[in-house]
Every structure is written in structure tokens, then in C-alpha cells.
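Asks: below are the sequence and a predicted model for it; my questions follow.
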Amino acid sequence: MKAITFLLRTKQPILATSFQGDPNTDVSYSYIPGSMIRGALIGRYLNRYQSQSADILTDEKVRHLFFDDSTCYLNAYISSQEEKRTYPTLISWRREKDNESEIFDFSVDKTKLESPKAVGEGFWIEEEGCIKLYPVDRRLNIHNLRERSKGRSTQNEGEIFRYDAIDTGQNFQGVILCNDCDEKIIRDLLTPLDIWLGGSRSCGYGHIQISQIHSYSSWDEVGISAESRASSHTMKITLLSDLIIRDQQGQYTVIPPTNLVSEVLGIHLDEPANAFMGSAFIGGFNRKWGLPLPQVLAIKAGSVFVYENIHISPDQILTLEEKGLGERRAEGFGRIAINWNSKKRLIAKKVEIKLLTRLKDKKPQFETPESRELAIKIGERILRRRLEQLLLEKIEQYKLETNKITNNQLSRLIIVARQALDQNSREPLDTLFNQLTKDTRIKYEATKLGSHSLQKTIQEWLDSPGKWMGTKIQNISIDDVTYTLTDSICMEYTLRLIMTIAKNATKDKDNE
């Protein structure tokens, strides 16, 4: 089969809702399901080829491309730093509670540990001689349910809910397995490169950019030759994606896939000697129906089953891995690896991917001079809003003590400060202080503002207008535009502070 690989870069948060969390929280899977990728390409196919049938399954080409398991849309897992597709962590892995650098595979040997702990969620790949663990960055957003007709929350429509989504700026590698004759049409469906996946697309979710589309004639999901994994005594099955199977009564269940493997290989299998298994509920949403899909119980990705006293050949390994197991294999379910890991002890390293590092080569650029001017205005407004908040705090902090100055003298100070503000200059205040009479100067000296006299404090502020602001006000940066505190702005807010302190002092004297 042909394999078409591609990268999916999240430009907006992605909400691929799973059945986790409380009823008021939508929690996304930590990967992009193959069913979502398939659904998006189905929509593109129908729009491009203008299928008029109400039931698309009557179209033989549609059924062949999307529904009959001849084409498989695998889950897109987080891409490693070397741009390789990672794998779900194994449920058979254990580590000591306080040691994250060593992992022990209990499917190989149940090493005795003092405080064994599961490795947990996430993805991994072997790089540079060790196991690298890749987390997926997430974003939690709070939303308020609104009434559609009024566009706001009301008494009946004001419920708070949360979206726990995949964050922006991350790369996921997707894979589509197809026949040679279908390669061109599927590659064409991957363009245009901007695509929207998942829920809440009208609310700023779901934008993804496709890149690095490649085709391979021989592609191996495991990356290890089948010959080196053939065994005369053991068969270990590792799930690379969730597995959906039914029991003999036709009910979805979580049991070892013994019967399925027996049917594919045509041999009898006993129950596994060891099984490390988890469960998950699988759902989805059908946009044509406008309804959620029925919930299905599945065996969780990363589960491991060990069968002993069995001979398996390279051809049988390839057959199992290419075909997969269980239901809905076209959507990426039932992917397996045979005799994958044989090491009982693994050296692990957790990879911390900083979002800003991932995005540093993707900075938004201003397309026009008008955009740059708008960014400057936005920066100025943000800075002034912060200064207004700081001004309110300082007004409460600075009050005149041992107030000997008269209301007439305070009014004169306010008028001169207003003139200085209009001129954006300290000169009117300097002139005022130079022309003070002896009696007025004594009253200025006797009136305290902070630890100094009123006149001395005002002169210190005029000499260093930004001193009273401290370090709370930081520069505002938007791309390569940085809006900073200028001398002019500092002087403006210093004069406003002087005026407000004098006005408050006047009111206080009137209330005495």
C-alpha cells in the first residue's frame, strides 16, 4: 500500500471532544483522530466532485475511498523534534514514583519496584538512544452560554462551561494508507493547505495548516523489520491506537483480542499469559446528521498482550500489522505492532516544548503601514489603561498630611498644574514655586506629602516623572513594534497626579 504522510500545524486550538471531565467541560483528545481527518476530506470530495446523491454510500468511489477499509486514515500524533510520528505511551510501562529517568516494561519482565507508578498519558519515540516522552500542550478556555437571539447571556442561558483543547503552535503527523490508484486523488484532497477540524469552529477553534506532504511506496509504522521481530516462542501485541471489538453476543467489550488474531492467522491461540489493558469510550459527531455518534467501548491505545508458546513468521507479522484488528479500521482504529520492544529497562527523557520557541519562526508580519500604525495605537491604549489603574492606586496612597496650606493656594496649584498639562511642560510649576511669598513658602514646607514637604515632593516628581510609577508598568510589544513609556507620557500622568492630590486635599478641608 501507498502511505501519504503530512504535518498538521495547529493555528487555532483544536477541540476533538472525548468522554472525559464533568458535564460542563469538553475535553479534547491529545491527538487528532483519523475520523476527523477522514470527515474533512469527505466534505472536500463531495464539494469538489459535486456528488448529488442523498446517500453517499451509493457512490462506489466514495465507498472505496472512505468506508471499506481499503483506505485507512490513521490518527495524527504529536510530531517529534526530528519531525517523526510518535506513539502512545504503553500501559505496561512502570517507573519508580520519584524517578522519571528510568522506565521498566512489565510485559518483558516484572521488575520489583518499591513504589511502581504508571508513566501516564503522552507520546514517545526512541531518539538519540533513549525514550523521549512528548506531552501535548493544552489550553483551557472558559465560555458563557449565550442566547442566540440576543447575543448575550440571560437568566435562562447563562451557564458557564469549559473547553480543554489542544493548544496552538504544535505539529501533528498524519498518515493515510491507500492503494496506488487512489494516491493522486487523496493528495489533491489535502489541498488547499488550510483546513478546519473539530468542534466550535465559529468560536475560534479548528484552524489547521497542512504541510510536508510526502508519499512512500514502502512505509512501516513500527520502523523495525519484520524479520528481526519474528519469534518461535512469543507473540506480543501492542496497540498503536484504540481497538474496537465485540464479544460473542455482539456487545462492544474490553477483552484480549485473542479470537480476532486467531481468525487472521488461522491458528488456535490460548488466552494471553500477560495483559496490560485499559479502556476508553469512543464517540464523535456526524456533521451531516448534526448529531453525536453512539458511544462505543474500546480497548485503549498502549495496551499490551503477551501470548506464549507460539511461532510467528515475518509474513504473519506483516499481515497483522497491515490489516489491523477490529472495527472502524478506516478511521485509524485497530493499529497494532508485533514483538515491538524487548528491553525490560529503558532510559527516558521528558521533552519540554516551549510554545514561544515553536512559534518564534512564525511571527505575524504587518502587511501594510496601516496595520503597523494600528498596532502602535493598540499598544498606547493598553499602556494608558495600565497607567490609569496605577494612578488610582497612587491617589489612595498619597494624601497631604499636617495640611497647613489654604484652599486658595491649593486652587492656584491646580490651575498652574492644568497649564503645565496643556503645555506638557513643567515650566509653569517652576515659575509658581520661584514666585512664592515667604508666608506661602512656609505653608508649603509645613504641608507634608509622603516623607517630604509638598514642594520638595512635587519637584522630585518633576525631575524624575516616572519615579513614582516604580516598575509596575512594562513595555508593550506587538510583533516588532514596542510601545514604551516616553518622557512626555510620564510628565502627563505626573501632572495629573499632582492635580488630583490637590483636589482631594481641597475636599478634605471643606469637610472639616
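Replies: Cool, got the structure.

Asks: how far does the lengthiest helix in the chain sit from the chain's center?
Replies: For the chain, the longest helix by residue count, based on DSSP state H, is helix 369-397. Here the centre of helix 369-397 is set off from its chain's centre by 29 Å, with CA atoms, centre = their mean, to the nearest Å.

Asks: give the next helix or strand downstream of that helix.
Replies: Of the helices and strands lying after helix 369-397 in sequence (DSSP states H and E), the nearest is strand 400-401.

Asks: please identify the pairing partners of that next one and their relative orientation?
Replies: strand 448-449 (antiparallel) (DSSP bridges).

Asks: beyond the strand it pairs with, next helix or strand please.
Replies: Next along the chain from strand 448-449, counting by DSSP H and E, comes strand 452-453.

Asks: what packs against that following strand?
Replies: In terms of contacts (3 or more CB pairs under 8 Å, 6 or more residues apart in numbering; DSSP states H and E), strand 452-453 is packed against helix 438-446. No exception for glycine: its C-beta is placed from N, CA and C like everyone else's.

Asks: ranges for the helices of this protein?
Replies: Going by DSSP H, the chain shows helices at 34-49, 60-66, 183-189, 258-265, 314-323, 355-359, 369-397, 407-423, 427-434, 438-446, 454-463, 487-511.

Asks: mind listing what's buried along stretch 409-423?
Replies: Using 16 or more other CB atoms under 10 Å as the test for burial, stretch 409-423 gives 409, 410, 412, 413, 414, 416, 417, 419, 420, 421.

Asks: now those residues as JSON lines including pLDDT and distance to residue 258?
Replies: Shown next, in JSON lines, are the buried residues of stretch 409-423 (pLDDT from 0 to 100; distance: CB to CB, whole Å):
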{"residue": "409", "pLDDT": "88", "distance to residue 258": "96"}
{"residue": "410", "pLDDT": "89", "distance to residue 258": "92"}
{"residue": "412", "pLDDT": "91", "distance to residue 258": "96"}
{"residue": "413", "pLDDT": "90", "distance to residue 258": "91"}
{"residue": "414", "pLDDT": "91", "distance to residue 258": "89"}
{"residue": "416", "pLDDT": "91", "distance to residue 258": "93"}
{"residue": "417", "pLDDT": "90", "distance to residue 258": "87"}
{"residue": "419", "pLDDT": "92", "distance to residue 258": "92"}
{"residue": "420", "pLDDT": "90", "distance to residue 258": "88"}
{"residue": "421", "pLDDT": "89", "distance to residue 258": "84"}
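
Asks: the residues you listed into JSON lines, with extra columns for distance to residue 445?
Replies: Putting the buried residues of stretch 409-423 into JSON lines (distance: CB to CB, whole Å) gives the following:
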{"residue": "409", "distance to residue 445": "12"}
{"residue": "410", "distance to residue 445": "15"}
{"residue": "412", "distance to residue 445": "16"}
{"residue": "413", "distance to residue 445": "14"}
{"residue": "414", "distance to residue 445": "19"}
{"residue": "416", "distance to residue 445": "18"}
{"residue": "417", "distance to residue 445": "19"}
{"residue": "419", "distance to residue 445": "23"}
{"residue": "420", "distance to residue 445": "21"}
{"residue": "421", "distance to residue 445": "25"}
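
Asks: ok so, going back, lowest average pLDDT across the helices of the chain?
Replies: Among the helices of the chain, helix 355-359 carries the lowest mean pLDDT, a mean of 42.

Asks: before we move on, the earlier item: tabulate the helices of the chain (TSV), appending distance to residue 122.
Replies: Below are those laid out as TSV (distance: least, CB to CB, whole Å):
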stretch	distance to residue 122
helix 34-49	19
helix 60-66	30
helix 183-189	30
helix 258-265	27
helix 314-323	23
helix 355-359	17
helix 369-397	37
helix 407-423	58
helix 427-434	63
helix 438-446	67
helix 454-463	54
helix 487-511	47
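
Asks: which one of those helices lies closest to residue 138?
Replies: helix 355-359 (11.0 Å; CB to CB).

Asks: next up, the contacts around residue 299.
Replies: Applying CB atoms under 8 Å, 6 or more residues apart in numbering, we find residue 299 in contact with 239, 242, 243, 244, 245, 254, 255, 257, 277, 278, 279, 280.

Asks: so which of those residues belong to strands?
Replies: 239, 245, 279, 280 (DSSP state E).

Asks: may I ask which of these has the most neighbours?
Replies: Scoring those on neighbours with other CB atoms under 10 Å, the highest-scoring entry is residue 239 at 28 neighbours.

Asks: excluding its backbone neighbours, what's nearest it?
Replies: Once flanking residues are discounted, residue 239 sits nearest to residue 303: 4.7 Å by CB to CB, 6 or more residues apart in numbering.

Asks: quick check on that neighbour: phi, psi?
Replies: The phi and psi torsions at residue 303 (degrees, to the nearest 10) take the values phi -70, psi 150.

Asks: pull the contacting residues for it.
Replies: Contact analysis of residue 303 by CB under 8 Å, 6+ apart lists 91, 238, 239, 243, 275, 276, 277, 278.

Asks: the fifth one pairs with what?
Replies: Think residue 275. Those that pair with residue 275 in a beta bridge, by DSSP bridges, are residue 305.

Asks: swap in the second one?
Replies: According to DSSP bridges, residue 304, residue 337 are recorded as the beta-bridge partners of residue 238.

Asks: these two touch, right, it and residue 91?
Replies: No. Residue 238 lies out of contact with residue 91 (CB atoms under 8 Å); the separation is 9.5 Å.

Asks: between those two, point out the one with more neighbours.
Replies: residue 238 (25 against 22).

Asks: do you know how far residue 343 is from residue 237?
Replies: 17 Å (CB to CB, to the nearest Å).

Asks: which of the two has more residues huddled nearby?
Replies: Neighbours were counted for residue 343 and for residue 237 using other CB under 10 Å; residue 237 has more, 26 against 13.

Asks: tell me the pLDDT at that one?
Replies: pLDDT for residue 237: 95.

Asks: now it. Nearest residue, chain neighbours left out?
Replies: Residue 237's closest residue in space is residue 305 (CB to CB, 6+ apart), at 4.6 Å.

Asks: same thing with residue 310?
Replies: residue 235 (5.0 Å).

Asks: that neighbour: neighbour count?
Replies: Number of residues near residue 235 (other CB under 10 Å) recorded here: 24.

Asks: then residue 233?
Replies: 10.

Asks: and residue 387, by the same measure?
Replies: Neighbour tally, residue 387, other CB under 10 Å: 19.

Asks: next one: residue 60
Replies: By other CB under 10 Å, neighbour count at residue 60 equals 9.

Asks: who's in contact with the residue nearest the centre of the chain?
Replies: The chain has residue 167 as the residue nearest its centroid, 1.2 Å off, counting by CA atoms, centre = their mean. Neighbouring residues of residue 167 by CB under 8 Å, 6+ apart: 10, 13, 136, 137, 138, 139, 355.

Asks: again, only this time at 6 Å
Replies: Residue 167 makes contacts with 13, 137, 138, 139, as judged by CB atoms under 6 Å, 6 or more residues apart in numbering.
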